[in-house]
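**Q** Need coordinates for the following:
(2 chains)
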Amino acid sequence: MRKVCMAGMVLMISLLARAQHPGYSAMKDEAAFKAQFKETSRKINTIQSDFIQEKNLSLLDDKITSRGKFWFRKENAVRMEYTSPFQYLMVVNGTDVYIRDSQKENRLSSRSNKLFQQINRIMIDCVNGNALESKDFTVKLFSGANDHLAELTPVEKNLKTMFRSINIIIDKKDLSVSRVEMYESSGDNTIIRFVNRQMNVNLADALFAVR
Amino acid sequence: MRYLLFVSLWLGIGCTSAYKGVRSTPVDHCITSFKPQFSRIIYSTQVDVVGRHLSGLLIIKAMPDSSIRMLFANEAGFKFFDFGFSGDAFTVYHITEQMNRRSVIKTLRKDFELILMQHIRQSPSVIKKDDGFYYDFAKGKDHYYYITDSACTKLQRMERGSRRKKIAEAYLGAYTNNMPDTIGIRHFNFNFTIALKQLEEDAAE
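**A** Sure thing, here's the model as predicted:
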């Protein structure tokens, strides 16, 4: 009888996981995946990629799509350059941040702004995989046919006001992050897809210059 | 005596109303024809406020209940505010903690109500001045002025303030599909400007 109950519970959990993330079920061996993912991330020193960002707002019937280029260099340097339909550049190098929009450029330190610091941290941790170990989130892992899904639910107060959850989609082929989905409490969300990803290419220092 | 005259002259100049002129009795008006008909539009947005610069996207959308939603987010998708306007009603659907100040919300509300022309009613009073005709729509102590040429064929600018003092002015650019392609708002009591330019979205999207 106990075995039947256990089997029923496993089935229920599995069905719930599928309902939560269609096409995915709860990951069977989380420890093995985490170790493998950590090892793969350790070997990635740089990433160069194009990205497509979709903003889904409940008030709009359609989505707002923007595109650009993305660069990452260990440990904590990121350059995101939006090229369409607007020009916007954000470079994060350690605690220094450089922003250039169509009119002005701005240099600031994320040290002076806790919120900015947290957003930077999330962005970098999502790319290098450290988010799976972050104390700011509880993490649930799921597996699909072609990729894994890490569902991050914020536990930290400020993050909770910003995000209901963040999903990191990890390609099974090379364990690279192919998509980041950020869900707000309102139901609005931002999805960033990384395409044409290249790992460990040489990246010029100038890409991450903030001074 | 001469000193008194001097002082009273200066006081007189100091108290001169920005809206002094020949004020008519309430009239029928033409301002409604300039009211933008926002359906769905995205503006690339630049905000400069007391030395700080902010950019992002301002989305204006007419909702099925005929209210207007106005949402401002940065380029990366981080939402700053989401407001709703319906007649005299105003709803804050979302505002980021840093902007959640009564004075900030009140200023933004009035600025956007000016450009949305939320307070135009029947029979405004009209002030005739050298630079145009000022159609004055009062809402409590606030006055919303729409300035046209003498024939009311062109909306030159918008202003808001009291009966004496100008607080802010706004300009609307050329209309496409009844929506302005650019909007500018400038404040006179502190350093605050908003510049909007219609975003040309990818046709494929």
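**Q** Please, where are all the helices along the chain?
**A** Going with chain A. A:2-20, A:30-43, A:114-128, A:157-162 (DSSP state H).
**Q** That was the other one, I meant chain B.
**A** Shown for chain B, the helices assigned by DSSP H span residues B:2-14, B:102-116.
**Q** comparing those, which gets the lowest mean pLDDT score?
**A** Taking the average pLDDT of each of the helices of chain B, the minimum falls on helix B:2-14, with a mean of 42.
**Q** From chain A, how far off is the residue nearest to B:Ile183 when sequence neighbours are not counted?
**A** Nearest-residue entry for B:Ile183: B:Leu196, 4.1 Å, with adjacent residues in sequence omitted and distances by CB to CB, 6 or more residues apart in numbering or on different chains. Using the backbone N, CA and C atoms, a C-beta is placed for each residue, glycine as well. According to CB to the nearest CB, to the nearest Å, B:Leu196 stands 12 Å off from chain A.
**Q** gap between B:Leu196 and A:Val177?
**A** Using CB to CB, to the nearest Å, one obtains 35 Å as the distance from B:Leu196 to A:Val177.
**Q** Which of the helices of chain A comes out lowest on mean pLDDT?
**A** That would be helix A:2-20, which, of all the helices of chain A, carries the lowest mean pLDDT at a mean of 51.
**Q** Return the residues in contact with residue 73.
**A** By default, I'm working from chain A. The neighbourhood of A:Arg73, defined by CB atoms under 8 Å, 6 or more residues apart in numbering or on different chains, consists of A:45-46, A:203, A:207-208.
**Q** Can you look at chain B instead?
**A** By CB under 8 Å, 6+ apart, the contact set of B:Ala73 is A:55, B:56-57, B:59, B:79-80.
**Q** And A:Asn106, by the same measure?
**A** By CB under 8 Å, 6+ apart, the contact set of A:Asn106 is A:98-100, B:53.
**Q** likewise B:Ala170?
**A** Under the criterion of CB under 8 Å, 6+ apart, the neighbours of B:Ala170 are B:111, B:114-115, B:157-160, B:183-186.
**Q** re earlier: give the ChimeraX command for selecting the buried subset of the contacts of A:Asn106.
**A** One line in ChimeraX is enough to select the buried members of the contacts of A:Asn106, burial here meaning 16 or more other CB atoms under 10 Å in any protein chain shown:
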select /A:98,99,100
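**Q** Return the subset of the contacts of A:Asn106 lying in strands.
**A** Those of the contacts of A:Asn106 mapping onto strands are A:98-100, B:53, per DSSP state E.
**Q** any chance of these in CSV, plus distance to A:Arg73 and pLDDT?
**A** CSV is the format used below for these (distance: CB to CB, whole Å; pLDDT from 0 to 100):
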residue, distance to A:Arg73, pLDDT
A:Tyr98, 15, 92
A:Ile99, 18, 91
A:Arg100, 19, 93
B:His53, 27, 90
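**Q** Quick check: the two most widely separated of these?
**A** Using CB to CB, the ones in strands among the contacts of A:Asn106 span at most 13.2 Å, a distance reached by A:Tyr98 and B:His53.
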